[in-house]
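*Asks:* Mind folding the following:
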Amino acid sequence: MRKINRRNFLKVTGVLAAASALAACGGSSTSTAGSTGSTAGSAASADGAKAYNELTVGTDNTDLKADLKFISHRTDLIEDGTFDGYVAAFQKLYPNITIKYEGITDYATDMTTRLTSNDWGDLCMIPTNIPLTELGDYFEPLCALSDIENDYNFASNRAYNGSVYGIPSTGNAQGIIYNKKVFEAAGITTLPKTPDEFLDDLQKIKDYDPSIDPLYTNYAAGWTMTAWDAYTSGGATGDPDWMNITMPQTKDPFQKGILGADDMGPYAVYYILYEAVKRGLTEADPTTTDWEGSKPRINNGQIGAMVLGSWAIVQMQAAGDHADDIGYMPFPITVKGTQYASAGADYCYGVNKNTTDDKKLAAMLYIKWLTESSNFAYDQGGVPVLKSQEYPDTLKAFDGIDLVEDAPAPAELADLATEVQQEAELMLNADQTHVMRVVEAGINGDETLDDIVADWNAAWDAAVDACAPQ
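*Replies:* Residues are numbered from 1 along each chain as shown. This is a model prediction of the structure:
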């Protein structure tokens, strides 16, 4: 098994070695079920407490008593009792630590607001729109990055100035969920590698059976549309520096051919969505899509494909009697003759810096158990966080694909990507408005994709100038 490397492309061969950049989203209601960081080292050693990497689960502090509140975006795993099972297994080692989950559907918005209160809970999934420089305002530094980066994939995802504030829950490979039986019945024998090949395949599905939705957008859910942005980084460029370093300093990044005349670049991602809607290759009325209802529909062959991270594979498999029909393919973009896929962390576990010391310790023990002992990432069809763990069979189609993990920006540019996106009002991976505009244009025909891209580029270019490092 080869390591995921930010700077060197990873070719997956033989045994699976796959990995994505977008945190899995949860469905605007809630449900429940049973020190600023200077450096992690100084925070851990200030009172003699162990850092995250120094803890031995099942041996250290087994008599610890604590009641933890854990806020999560995974409302589905709360409601179906999955998290209760993990808690029960953990309590065999730590019987005096209780953990109560609270689920939030509109997670990025609601959790970001709740962080302004010091007593929001003890653990949460760190919202991806929190600037790295502000992590220490809300979260406990867990350890030094250098202490875990050799053993953990995506360790730098929620790290700043050498300190880790969040541990990835799992990793995502960015691709497309599809129903293998539908594709086969439509005469599709080879997975598409380019946008036009994919669009042609969607047309074949429509021609085969007009009752099947070739591509299901899940437009009405809103948050699901942010998934499209994740494919504009390494998967569309082959460049690990693109998202956090190059793009925030590049003019016209959405322009077709930004990488050269023969390569669409990030434009290709939105081209697929726009053309699929425009050509009638999606559901008849995107405003009536149903996220929960889409799961059994793709399971039983009423939907051909959905653009979602690998975190969603298990949900689609579990939604009916045809789990074996659910497949996962790389996103159909080729850059200079090579197909890439983005690889990166899902949401990261974070510990409230304002909770008690006992709760901080209990929270770290639970996080470490989830990461290293629970098999959570494998169970969810994700890329493992611990480099020594196995990859799931669900990522078999990524055999031979070059995988790219977004490289973190250097300290002096740590927040530049967020600042440019905020200034341009184009919050990639966090806000769905701009992606929904593409769908609406495809339906209404009131503007072309090039019209939209021209607006995006104008706003982006102004933001690059306004936010340029001095």
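*Asks:* now stretch 169-178: mean pLDDT?
*Replies:* The average of the pLDDT scores along stretch 169-178 is 94.
*Asks:* Centre of the chain to that stretch, how far?
*Replies:* Here stretch 169-178 shows a centroid-to-chain-centroid distance of 7 Å under the convention C-alpha atoms, centre = their mean, to the nearest Å.
*Asks:* distance between the ends of it?
*Replies:* Start and end residues of stretch 169-178 are separated by 24 Å (C-alpha to C-alpha, to the nearest Å).
*Asks:* Next: stretch 228-241.
*Replies:* Start to finish, the residues bounding stretch 228-241 are 19 Å apart (C-alpha to C-alpha).
*Asks:* swap in stretch 317-325?
*Replies:* Taking C-alpha to C-alpha, the first and last residues of stretch 317-325 lie 8 Å apart.
*Asks:* For it, which outside residues touch it?
*Replies:* With contacts defined as C-beta atoms under 8 Å, 6 or more residues apart in numbering, stretch 317-325 is touched by 179-182, 295-296, 298-301, 326, 381, 394. Quick note: C-beta positions are derived from backbone N, CA and C, even for glycine.
*Asks:* Could you rank those residues by neighbour count and give me the top one?
*Replies:* Neighbour tally across those (other C-beta atoms under 10 Å): the maximum, 29 neighbours, falls on Ile298.
*Asks:* Kindly confirm my reading that it is in a helix.
*Replies:* Yes - when DSSP: H, G, I helix; E, B strand; the rest coil is applied, Ile298 is found to be in a helix.
*Asks:* how much space between it and Ala227?
*Replies:* Computed as C-beta to C-beta, to the nearest Å, the Ile298 to Ala227 distance reads 15 Å.
*Asks:* again, but for Asn53
*Replies:* Noted for Asn53: a distance of 32 Å to Ala227, by C-beta to C-beta.
*Asks:* quick one: which of the two has more around it?
*Replies:* More crowded of Asn53 and Ala227, by other C-beta under 10 Å: Ala227, with 24 against 18.
*Asks:* Identify the residue nearest Asp325 in space, chain neighbours excluded?
*Replies:* Counting by C-beta to C-beta, 6 or more residues apart in numbering, Asp325 lies nearest to Lys181, which is 4.6 Å off, once chain neighbours are set aside.
*Asks:* pull the CA atoms of stretch 463-470 into PDB?
*Replies:* C-alpha atoms of stretch 463-470 as PDB (Å, rounded to 0.1, in the frame of the first residue of the first chain):
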ATOM      1  CA  ALA A 463     -10.900  39.600  -5.100                       C
ATOM      2  CA  VAL A 464      -7.500  38.400  -6.100                       C
ATOM      3  CA  ASP A 465      -6.400  42.100  -6.400                       C
ATOM      4  CA  ALA A 466      -8.100  43.100  -3.200                       C
ATOM      5  CA  CYS A 467      -6.600  40.200  -1.100                       C
ATOM      6  CA  ALA A 468      -3.200  40.000  -2.700                       C
ATOM      7  CA  PRO A 469      -0.400  39.600  -0.100                       C
ATOM      8  CA  GLN A 470       1.400  42.900   0.600                       C
END
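*Asks:* can you give me how far it is from the chain middle?
*Replies:* The chain centroid and the centroid of stretch 463-470 are separated by 27 Å under C-alpha atoms, centre = their mean.
*Asks:* Would you mark the buried spots in it?
*Replies:* 463-464, 467 (16 or more other C-beta atoms under 10 Å).
*Asks:* Repeat that for stretch 348-366.
*Replies:* Buried residues in stretch 348-366, counting neighbours by 16+ other C-beta under 10 Å, are found at 348-355, 359-366.
*Asks:* Closest one to Leu93 out of those residues, please.
*Replies:* Of all the buried residues of stretch 348-366, the one with the least separation from Leu93 (C-beta to C-beta) is Leu365, at 8.4 Å.
*Asks:* Can you report how many residues lie near the closest residue to Thr224 other than its chain neighbours?
*Replies:* In space, not counting the residues next to it along the chain, Thr224 is nearest to Asn218; the distance is 3.9 Å by C-beta to C-beta, 6+ apart. Counted by other C-beta under 10 Å, the residues lying close to Asn218 total 22.
*Asks:* Same check on Ile205?
*Replies:* Around Ile205 there are 25 other residues, counting by other C-beta under 10 Å.
*Asks:* Mind checking what helix or strand follows the helix or strand it falls within in sequence?
*Replies:* With the criterion set as DSSP states H and E, the secondary-structure element containing Ile205 is helix 195-208. On the C-terminal side of helix 195-208, the nearest following helix or strand under DSSP H and E is strand 213-215.
*Asks:* So what touches that next one?
*Replies:* 201-203, 205-206, 276, 281-283, 297, 302-307.
*Asks:* just stretch 454-470 next, same as before
*Replies:* Contacts to stretch 454-470, defined as C-beta under 8 Å, 6+ apart, come from residues 248-255, 412-413, 416, 419-426, 434.
*Asks:* And those, which of them are buried?
*Replies:* So, by 16+ other C-beta under 10 Å, the buried ones in those are 248, 250, 252-255, 416, 419-424, 426, 434.
*Asks:* What residues are bridge-paired with Thr98?
*Replies:* When assigned by DSSP bridges, Thr98 has beta-bridge partners Asp67.
*Asks:* Distance of it relative to Ile401?
*Replies:* Here the criterion is C-beta to C-beta. By it, Thr98 lies 43 Å from Ile401.
*Asks:* Do a quick rundown of the strands in the stretch 351-470 of the chain.
*Replies:* Counting by DSSP state E, counting those that start in this stretch, the segments of the stretch 351-470 of the chain that form strands are 402-405.
*Asks:* quick one, helices of it?
*Replies:* Read by DSSP state H, counting those that start in this stretch, the stretch 351-470 of the chain holds these helices, from start to end of the chain: 357-372, 376-379, 416-424, 433-444, 449-467.
*Asks:* I'd like those as JSON lines, with mean pLDDT and distance to Thr288 appended.
*Replies:* Formatted as JSON lines, the entries for the helices of the stretch 351-470 of the chain read as follows, by pLDDT from 0 to 100; distance: least, C-beta to C-beta, whole Å:
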{"stretch": "helix 357-372", "mean pLDDT": "98", "distance to Thr288": "37"}
{"stretch": "helix 376-379", "mean pLDDT": "91", "distance to Thr288": "32"}
{"stretch": "helix 416-424", "mean pLDDT": "95", "distance to Thr288": "30"}
{"stretch": "helix 433-444", "mean pLDDT": "97", "distance to Thr288": "12"}
{"stretch": "helix 449-467", "mean pLDDT": "98", "distance to Thr288": "23"}
